[in-house]
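J.: quick one, structure for this:
(2 chains)
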Protein chains: 2
Amino acid sequence: MCQLLGMNCNVPTDIVFSFTGFATRGGRTDVHNDGWGIAFFEGAGVRHFVDHQAAVESPVADLIRRYPIKSKNVIAHIRKATQGRVALENCHPFVRELWGRYFVFAHNGDLKDFNPELNGPYQPVGTTDSEAAFCYILQELRRRFDDALPMLPQLTAAIAELTKEISQYGTFNMMLSDGSALFAHCSTNLHYIVRQHPFAEASLCDEDVKVNFSEVTTPNDRVAIIVTEPLTTNETWTAFKSGELKVFIDGAPLA
Amino acid sequence: MCQLLGMNCNVPTDIVFSFTGFATRGGRTDVHNDGWGIAFFEGAGVRHFVDHQAAVESPVADLIRRYPIKSKNVIAHIRKATQGRVALENCHPFVRELWGRYFVFAHNGDLKDFNPELNGPYQPVGTTDSEAAFCYILQELRRRFDDALPMLPQLTAAIAELTKEISQYGTFNMMLSDGSALFAHCSTNLHYIVRQHPFAEASLCDEDVKVNFSEVTTPNDRVAIIVTEPLTTNETWTAFKSGELKVFIDGAPLA
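T.: Here you go, the predicted model:
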């Protein structure tokens, strides 16, 4: 199994604090040492970093911990291989283009006998169940909405249907973003928190690191963090229900 | 205009020496400071780094100069914006998937009134003529060969036709790789060198850096470097002819 980390904000924000705790689980405080990856939207563009090394040892992860890349939508993943060998092409998140936008996807879980018919333009490069699920989602979105991005309610309804369908094959905790919204689906384990004014201090579970968010934010900032297991000891995280899909926009979940 | 750098090898090799000289042109010894990017194939996977900052100032470029990522196919680009604003989505190289393989593409030049009909699955995310050309090439390859990678002679002939067609719209120096071969097309300016046994010492033009390749290679290694302007002062580079497409495999151009 793996772990997921997502961030959705109303202003471009760096993820250094959360990533520092999360990456520690990639080989030190937890066993997810079969590669890792992170993707940052920056406008329409994406910065995509993947590495088959454990996150605690990767020079690229070290860069991410030290270089405050600001983004409104980030998805990160640390891998404990279940399906697909340890290789760069099997590292999440995956990136593909649909409707002239990049989509980023990462998955935690294990799908059994999931062999969708991929007869469209999205073919997996690697050998994970996860990339096959991502290709299937994009193929089906393209088939339903043809050439253009639909309105958010239609897109959300379609993603809800597809995640429900895929969940029949096993555990499907996943995050998907097109750079404007972050979709998070929970089968078994996913938590979120919304940080907003008045900001307080937070302490990481996995590292002896604290940050006082009031010193690094403005009163209008709002940041949602979504993660497999809560990252901090002194904040209240909300657990997703099993089967729940949440859509995060501008740092908060839609009702 | 921009500059291109490509490497094709018979064994995974790092590009630190060549990239060090090349990146210096991204804002110090030359004016290409509107972003940069580099993509490394690692098996079927791709490490893709892009940054809208000048390569001489970018923390990500600094990582690439210090971290010897080994690859058999690399494409890098430093940008001087001609079409498309300075933004991450307009940084080369671009990456898309076709036939379950990643393709990487970068372009130097300027296409005038190039507005291909993109009615297939590849739509530009940014606003460059370059990304439109890449989308057009992939769309047409997919149309001609349907669902599967063709044999190399057929693929090469199709790419030769497409680059010739696109070149009618302006300058089209470009590099394209699927991880097994590197295709390089020259309109105006492209040079290459093949380094193999017996290896010698090389001195960069843009930095006071030398390397003795005999100390870091085995007698079986072979490396082709393809670049807009020669990178070293004491080696003999071969200029491409205008309109020439070369295919590099295992560190050498095919006859």
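
J.: quick check, central residue of chain A?
T.: Taking Cα atoms, centre = their mean as the criterion, A:Ile75 is the residue nearest the geometric centre of chain A, at 3.3 Å.

J.: ok so A:Thr218 is a strand residue?
T.: No. If the criterion is DSSP: H, G, I helix; E, B strand; the rest coil, then A:Thr218 is coil and not within a strand.

J.: picking up where we left off before, list the buried residues of the strand or helix carrying the residue nearest to the centre of chain A.
T.: Following DSSP states H and E, one finds A:Ile75 within strand A:70-78. Judged by neighbour count (16 or more other Cβ atoms under 10 Å in any protein chain shown), strand A:70-78 contains these buried residues: A:Ser71, A:Lys72, A:Asn73, A:Val74, A:Ile75, A:Ala76, A:His77, A:Ile78. No exception for glycine: its C-beta is placed from N, CA and C like everyone else's.

J.: where exactly do the helices run in the stretch 151-255 of chain A?
T.: According to DSSP state H, counting those that start in this stretch, the stretch 151-255 of chain A carries its helices in the segments A:152-167.

J.: please name the nearest non-neighbouring residue to the residue of it found nearest chain B.
T.: For the stretch 151-255 of chain A, the residue closest to chain B is A:Gly179, as judged by Cβ to the nearest Cβ, at 9.4 Å. Closest residue to A:Gly179 apart from its sequence neighbours, by Cβ to Cβ, 6 or more residues apart in numbering or on different chains: A:Phe41 at 4.0 Å.

J.: same check on A:Phe134?
T.: A:Phe105 (4.2 Å).

J.: what helix or strand does the one you found sit in?
T.: strand A:101-108.

J.: just to revisit the earlier point, mind giving me the packing neighbours of the strand or helix carrying the residue nearest to A:Gly179?
T.: Counting by DSSP H and E, the element that carries A:Phe41 is strand A:36-42. For strand A:36-42, the elements it packs on are strand A:45-51, strand A:70-78, strand A:101-108, judged by 3 or more Cβ pairs under 8 Å, 6 or more residues apart in numbering or on different chains; DSSP states H and E.

J.: any idea how far the following helix or strand past the shortest one is from the chain center?
T.: For strand A:45-51, the following helix or strand on the C-terminal side (DSSP H and E) is helix A:59-66. Relative to the centre of its chain, helix A:59-66 is centred 18 Å away, using Cα atoms, centre = their mean, to the nearest Å.

J.: and the pLDDT for the residue lying closest to A:Val194 once chain neighbours are set aside?
T.: For A:Val194, ignoring the flanking residues on the chain, the nearest one in space by Cβ to Cβ, 6+ apart is A:Ala224 at 5.0 Å. We have a pLDDT of 97 for A:Ala224.

J.: just checking, A:Ala224 touches A:Asn10?
T.: No. At 9.3 Å, A:Ala224 does not count as touching A:Asn10 under the criterion of Cβ atoms under 8 Å.

J.: near the residue of the stretch 151-255 of chain A closest to chain B, how many other residues are there?
T.: Using other Cβ atoms under 10 Å in any protein chain shown, A:Gly179 has 22 other residues around it.

J.: same question for A:Ser180.
T.: Applying other Cβ under 10 Å, I find that A:Ser180 has 16 neighbouring residues.

J.: with adjacent residues omitted, what lies nearest to A:His191?
T.: A:Trp237 (4.2 Å).

J.: look up how far B:Ile69 lies from that neighbour.
T.: 36 Å (Cβ to Cβ, to the nearest Å).

J.: ok, now A:Ser71?
T.: On the measure of Cβ to Cβ, A:Ser71 and B:Ile69 end up 23 Å apart.

J.: who's more crowded, A:Trp237 and B:Ile69?
T.: B:Ile69 (21 against 15).

J.: mind listing what the more buried one touches?
T.: Contact analysis of B:Ile69 by Cβ atoms under 8 Å, 6 or more residues apart in numbering or on different chains lists B:Asp14, B:Ile15, B:Phe40, B:Glu42, B:Arg47.

J.: chain A against chain B: which residues are in contact?
T.: By Cβ under 8 Å from any Cβ of the partner chain, the residues of chain A that approach chain B are A:42-52, A:59-60, A:63, A:66-67, A:87-91, A:95-97, A:99-102, A:120-126, A:142.

J.: not counting sequence-adjacent ones, nearest residue to A:Gln196?
T.: Nearest to A:Gln196 is A:Arg222, by Cβ to Cβ, 6+ apart, at 4.4 Å.

J.: and if you look at A:Leu5?
T.: Nearest one to A:Leu5, counting by Cβ to Cβ, 6+ apart, is A:Ala76 at 4.2 Å.

J.: same deal with A:Pro12?
T.: A:Lys70 (3.7 Å).

J.: shouldn't the one you found be in contact with A:Asp14?
T.: Yes. Contact criterion Cβ under 8 Å: A:Lys70 and A:Asp14 qualify, at 5.3 Å.

J.: next, the angle strand A:36-42 makes with the helix or strand harbouring A:Gly6.
T.: Per DSSP H and E, A:Gly6 falls inside strand A:3-14. Computed with axes from the mean of the first three to the mean of the last three Cα atoms, to 10 degrees, the direction of strand A:3-14 lies at 30 degrees from that of strand A:36-42.

J.: pull up the pairing partners for strand A:3-14, direction included.
T.: Strand pairing for strand A:3-14, using DSSP bridges, gives strand A:70-78 (antiparallel), strand A:222-227 (antiparallel).

J.: now it: how far from the chain's centre is it?
T.: Going by Cα atoms, centre = their mean, where strand A:3-14 is centred and where its chain is centred differ by 9 Å.

J.: the very next helix or strand once past that strand - contacts with which helices or strands?
T.: The first helix or strand that comes after strand A:3-14 along the chain, using DSSP H and E, is helix A:16-24. Applying 3+ Cβ pairs under 8 Å, 6+ apart, one finds that helix A:16-24 contacts strand A:3-14, helix A:59-66, strand A:70-78, strand A:222-227.

J.: show me the shaky parts of the stretch 151-255 of chain A.
T.: Regions of the stretch 151-255 of chain A meeting the criterion pLDDT under 70 are absent.

J.: how about the strands in it?
T.: Assigned by DSSP state E, counting those that start in this stretch, the stretch 151-255 of chain A shows strands spanning A:173-177, A:182-185, A:191-196, A:201-203, A:210-212, A:222-227, A:238-239, A:245-249, A:252-253.

J.: CA atoms only: put the second one into PDB for me.
T.: Written as PDB, here are the backbone C-alpha positions of strand A:182-185 (Å, rounded to 0.1, in the frame of the first residue of the first chain):
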ATOM      1  CA  LEU A 182      -8.800  18.500  -6.500                       C
ATOM      2  CA  PHE A 183     -11.000  15.400  -6.400                       C
ATOM      3  CA  ALA A 184     -10.400  13.000  -3.600                       C
ATOM      4  CA  HIS A 185     -12.100   9.600  -3.300                       C
END
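
J.: so what are the sheet partners of that strand and their directions?
T.: strand A:173-177 (antiparallel), strand A:245-249 (antiparallel).
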